[in-house]
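Visitor: What follows is a predicted protein model with its sequence.
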Amino acid sequence: MAILTYREAVARGIAQEMERDESVVLIGEDVAGAGGVFKTTTGLLERFGPERVIDTPISEQAILGAAMGAAMTGMRPIAEIMFSDFFAVCWDLVVNEMAKTRYMTNGQVTIPLVVKSGNGGSLRFGAQHSQSIENWAMAVPGIKVVAPSTPEDVVGLMAAAVRSDDPVLFFEHKGLYSSKGEVPDGPILDELGTAKVRRSGKDATVVALGLMVSRALAAAEQLAERGIDCEVIDMRSLVPLDAATVLESLGRTGRLFTVEENPRMLGWGAELVAIAGDDGFWDLDGPVVRITTPHIPLASADSLEDLMIPSVDRIRDEIEQAMKG
Amino acid sequence: MNLPLSNHAYGEHDLVMPPDDPTSHDDADIPLETRLRMYRMLQEMRQFEKRAYDMFMQQLVKGTTHLSLGMEAVAAGFGAAMRSDDYTFATYRGHAHTLARGVPMEGVLAELLGRANGLLGGKGGSMHLTSVEHGVMGSYAIIGAHLTIANGAAWSAQYRRSGQVAVCFFGDGTTNIGAFHEALNYAAVFRLPVVFVCENNQYMEYTAIGDITAVRRPAADRAAAYGLEPIVVDGNDADAVHLVAADALEHARSGAGPVLVEALTYRHGGHSRADPGKYKPPGELEAWLAYDPITVYRGRLERLGVAGADIDAIDAEVASAVDEATEAAKNGPLPDPQAAFTDVWADGGHTWRS
């Protein structure tokens, strides 16, 4: 068992897979010599050499195209898009090419690739370097979407993403890079499409993702002191979506809350709430509540950004208010 | 006051006319067997697309089609030069490039008709023809992206040391999209074994390429920006294309990096089925029809001593093959409704939640 930061876990997960499989290669801007602008790929160039760890020009379309063409022809590339906001300049490759080519070719083409990216806010980077874009991705059939919240999950889900035969967008939360956690020794392989119950509780089901998981857990501790026992679920993966774990929990607690960093409209929680309406309606004992960032771009000033992204206090208060109804 | 935009000479570009000497490659060092093969390919592409057009007019082919009538020599010249395991990447105008790799006509025509015996089971259509077993890695219908994907296949070949080359075809219009420039720089930096082939048919959809491009030769004049040679070839002479293709493939295969070829040709029809091409200036189409790739090539074979009857026999064999493919396509069953739900994921299914 070792204590690793989230960013170290990214490099460990990649290294684990590169060690295991020679067809795994890594490309992106500053991923090699510099070890990544977020230091998530430190040491990989030294360990695996310049043929497998490659610095690219600032050409996001060329990066994703290279990854896709390589994946179609026998390799398992990992590509980095530095900030997830930059997907907007290469979204054609994701939405029109990676997501649809297998389907359109009647299964002739397999595209086993991972695009890793720094996602989310709380670092005061302003509206173009702070977005939570996982919802863009989950809206497109054909793309798997993962967003781990702990170092251990980063390693195991990176391994699962690399070994998946489908294209996977792997969202690392920038606000978690310096966070630490225990990671077991030896190879770790997790499973895509599985949520994890982080805290058991009997009164309310609180579902969170990425940076929001630790905040939801902190809110749950405070709520416990006030007599509200929350179950906190870390979704981890949006496509496939582990609705069963959420519905099972809802069946026991009768209340459902989502904690989402994304702007409010069409966040992942909205789909989860719709599923609860379809398949969990008779389990609901009260209104479903989505706790989200408002439907706005994020400001850079810390005082403003902190007002927008759900905080521990806001999560606690909104849940408490709804539970006291 | 003369605003810059008023100097934009829409419709006033110089006409680009075909070469006037169809004999220029009569003595090229190409075996007769290869030439006869290329002639057959030209006929297959031409007769196939004419049939596709007719079936569109009969409302048997749905959606849209983008024909390469008049541009077949590019596909034939390259197709005959490629190694069987080389990769082809094409655009929505990809019928000819698909046939050029030996993909049977029946599957292509059935795909246009949306039948289960289509190349893609009816799930891709005219604009996405793909046959991995023939090296046709796809037809990509939003221009630009596939140049970057071809780079990926070339990178893979380089990494695996397989000796394969990726050949990526695209039109003149593609040279004005960002991905073209990203892809060329990327390929040059990493010396990827990829050959980019710009089929300059002189029209970007409905607009003359000369009216909306800052340089006269949309691909070749950009080559220098990426350290590449400016190569222009007569795209209506299959022999001229074949020689350039062989050189380009050898260059890329040897590890010397990418090649950019601009093949000057002409699109006989409009952009797509919906476009009658009325914007073409008088005399232009007629001049290019007189320098049609099939006319040019048939004349050469005759000058080289191939009997007219033998050439006619090839034409007739191809006509029969097209008829057979037509019947097989028409008689193909509709796709199983369940097929709509398969192959979203590699496990064959479409499940997204538990």
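Guide: Everything's here; your move. Residues are numbered from 1 along each chain as shown, chains lettered A, B, ... in the order given.

Visitor: which bits of the stretch 151-300 of chain B sit near chain A?
Guide: Counting by Cβ under 8 Å from any Cβ of the partner chain, the residues of the stretch 151-300 of chain B close to chain A are B:151-157, B:159-160, B:166, B:178-179, B:182-183, B:185-186, B:189-190. C-beta coordinates here come from the backbone N, C-alpha and C atoms, glycine included.

Visitor: Narrow those residues to those in helices?
Guide: B:151-157, B:159-160, B:178-179, B:182-183, B:185-186, B:189 (DSSP state H).

Visitor: Relative to chain A, which of the residues you listed is nearest.
Guide: residue B:152 (2.0 Å; Cβ to the nearest Cβ).

Visitor: how many neighbours does that closest one have?
Guide: Residues lying near residue B:152 (other Cβ atoms under 10 Å in any protein chain shown) number 34.

Visitor: I'd say it and residue A:63 touch.
Guide: No: contact status for residue B:152 versus residue A:63: not in contact, 9.6 Å apart, counting by Cβ atoms under 8 Å.

Visitor: The stretch 51-200 of chain A: helices as residue ranges?
Guide: A:60-71, A:91-92, A:101-104, A:134-138, A:151-163 (DSSP state H, counting those that start in this stretch).

Visitor: Just name the most buried of those.
Guide: Greatest average neighbour count among those goes to helix A:60-71 (a mean of 30), per mean count of other Cβ atoms under 10 Å in any protein chain shown.

Visitor: now the end-to-end length of stretch A:89-103.
Guide: In stretch A:89-103, first residue to last residue: 24 Å (Cα to Cα, to the nearest Å).

Visitor: wait, does that stretch make contact with chain B?
Guide: Yes: using Cβ under 8 Å from any Cβ, stretch A:89-103 reaches chain B at A:92-93, A:96-97, A:101-103.

Visitor: what's the answer for stretch A:168-175, then?
Guide: No: contact between stretch A:168-175 and chain B is absent, the nearest approach being 11.1 Å (criterion: Cβ under 8 Å from any Cβ).

Visitor: Burial check on residue A:227, number of neighbours?
Guide: Look at residue A:227: counted by other Cβ under 10 Å, it has 9 neighbours.

Visitor: oh, I was asking about residue A:127
Guide: Neighbours of residue A:127 (other Cβ under 10 Å): 14.

Visitor: how near is it to chain B?
Guide: Residue A:127 sits 23 Å away from chain B, going by Cβ to the nearest Cβ, to the nearest Å.

Visitor: related to what we said a few turns ago, want to throw the helices of the stretch 51-200 of chain A into TSV with distance to residue B:291 and mean pLDDT?
Guide: Below are the helices of the stretch 51-200 of chain A laid out as TSV (distance: least, Cβ to Cβ, whole Å; pLDDT from 0 to 100):
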stretch	distance to residue B:291	mean pLDDT
helix A:60-71	35	98
helix A:91-92	36	98
helix A:101-104	36	98
helix A:134-138	49	96
helix A:151-163	53	98
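
Visitor: okay, the ones you listed in TSV with distance to residue B:209 next?
Guide: Shown next, in TSV, are the helices of the stretch 51-200 of chain A (distance: least, Cβ to Cβ, whole Å):
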stretch	distance to residue B:209
helix A:60-71	22
helix A:91-92	22
helix A:101-104	28
helix A:134-138	34
helix A:151-163	42
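
Visitor: Can you tell me which of those is nearest to residue B:219?
Guide: helix A:60-71 (17.3 Å; Cβ to Cβ).

Visitor: Could you see whether chain B lies near the closest one?
Guide: Yes: Helix A:60-71 comes into contact with chain B (Cβ under 8 Å from any Cβ), by way of A:61-62, A:64-71.

Visitor: what's the distance between that helix and the middle of its chain?
Guide: Helix A:60-71 has its C-alpha centroid displaced from the chain centroid by 21 Å (Cα atoms, centre = their mean, to the nearest Å).

Visitor: Who are the packing partners of it?
Guide: strand A:24-28, strand A:76-83, helix B:145-160, helix B:178-189 (3 or more Cβ pairs under 8 Å, 6 or more residues apart in numbering or on different chains; DSSP states H and E).

Visitor: Deepest in the core, which of these is it.
Guide: For the helices and strands packed on helix A:60-71, the highest mean count by mean count of other Cβ under 10 Å goes to helix B:145-160, at a mean of 28.

Visitor: Give the rounded mean pLDDT of it.
Guide: Mean pLDDT, helix B:145-160: 98.

Visitor: Surely residue B:351 is in contact with residue A:244?
Guide: No: in this structure, residue B:351 is not within contact of residue A:244 by Cβ under 8 Å, at 11.9 Å.

Visitor: Those two: who's more crowded?
Guide: Set residue B:351 next to residue A:244 and count neighbours by other Cβ under 10 Å: residue A:244 wins out with 15 against 12.

Visitor: Now the strand or helix carrying the more buried one: buried residues?
Guide: Counting by DSSP states H and E, the element that carries residue A:244 is helix A:243-253. Under the neighbour-count criterion of 16 or more other Cβ atoms under 10 Å in any protein chain shown, helix A:243-253 has A:243, A:245-250, A:253 buried.

Visitor: Which residues does it contact?
Guide: Under the contact criterion Cβ atoms under 8 Å, 6 or more residues apart in numbering or on different chains, helix A:243-253 has outside partners A:194-195, A:197, A:201-205, A:207, A:231, A:233, A:235, A:256, A:272, A:275-276, A:279-280, A:283-284, B:353-354.

Visitor: coming back round to it: out of the helices and strands packed on helix A:60-71, which comes closest to residue B:96?
Guide: Among those, helix B:145-160 comes nearest to residue B:96, with 15.8 Å by Cβ to Cβ.

Visitor: count of neighbours near the residue of the stretch 251-354 of chain B found nearest chain A?
Guide: Sorted by distance to chain A under Cβ to the nearest Cβ, the residues of the stretch 251-354 of chain B start with residue B:346, at 3.4 Å. Neighbour count of residue B:346, defined by other Cβ under 10 Å: 16.

Visitor: Equivalent analysis for the one 3 residues further on, please.
Guide: When neighbours are defined as other Cβ under 10 Å, residue B:349 has 11 of them.

Visitor: who in the stretch 1-150 of chain A is up against chain B?
Guide: Applying Cβ under 8 Å from any Cβ, we find that the stretch 1-150 of chain A lies next to chain B at A:25, A:51, A:54, A:56-57, A:59, A:61-62, A:64-75, A:77, A:92-93, A:96-97, A:101-110, A:112, A:141-142.

Visitor: Phi and psi next, for residue A:284.
Guide: Backbone torsions for residue A:284, taken as degrees, to the nearest 10, come to phi -80, psi 130.

Visitor: same check, this time on residue A:202
Guide: Backbone torsions of residue A:202, given as degrees, to the nearest 10, read phi -110, psi -10.

Visitor: ok, it - contacts?
Guide: Counting by Cβ under 8 Å, 6+ apart, residue A:202 touches A:229, A:231, A:252-253.

Visitor: Farthest-apart pair in these, please.
Guide: Put simply, by Cβ to Cβ the two of those set farthest apart are A:229 and A:252, 10.9 Å from each other.

Visitor: just to revisit the earlier point, which one of the residues of helix A:60-71 next to chain B sits closest to residue A:314?
Guide: residue A:64 (36.0 Å).

Visitor: shaky segments in chain A?
Guide: Low-confidence segments of chain A, defined by pLDDT under 70: none present.

Visitor: so what are the domain limits for it?
Guide: Per automatic domain parsing, the domain ranges recorded for chain A read A:2-183, A:196-324.

Visitor: Pick the most buried one from the ones you listed.
Guide: By mean count of other Cβ under 10 Å, those have domain A:2-183 as the most buried, with a mean of 22.

Visitor: What's the end-to-end length of it?
Guide: 5 Å.

Visitor: before we move on, back to that, need the CA coordinates for the next helix or strand after the helix holding residue A:244. PDB is fine.
Guide: The helix or strand immediately downstream of helix A:243-253 is strand A:256-263, counting by DSSP H and E. The C-alpha atoms that make up strand A:256-263 are tabulated as PDB, following Å, rounded to 0.1, in the frame of the first residue of the first chain:
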ATOM      1  CA  LEU A 256     -32.500  11.200  -4.100                       C
ATOM      2  CA  PHE A 257     -30.000  14.100  -4.500                       C
ATOM      3  CA  THR A 258     -27.400  14.700  -7.200                       C
ATOM      4  CA  VAL A 259     -24.400  16.800  -6.700                       C
ATOM      5  CA  GLU A 260     -23.100  18.100 -10.000                       C
ATOM      6  CA  GLU A 261     -20.300  20.500 -10.900                       C
ATOM      7  CA  ASN A 262     -21.600  21.000 -14.400                       C
ATOM      8  CA  PRO A 263     -23.900  23.900 -15.500                       C
END
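
Visitor: Noted, bye for now.
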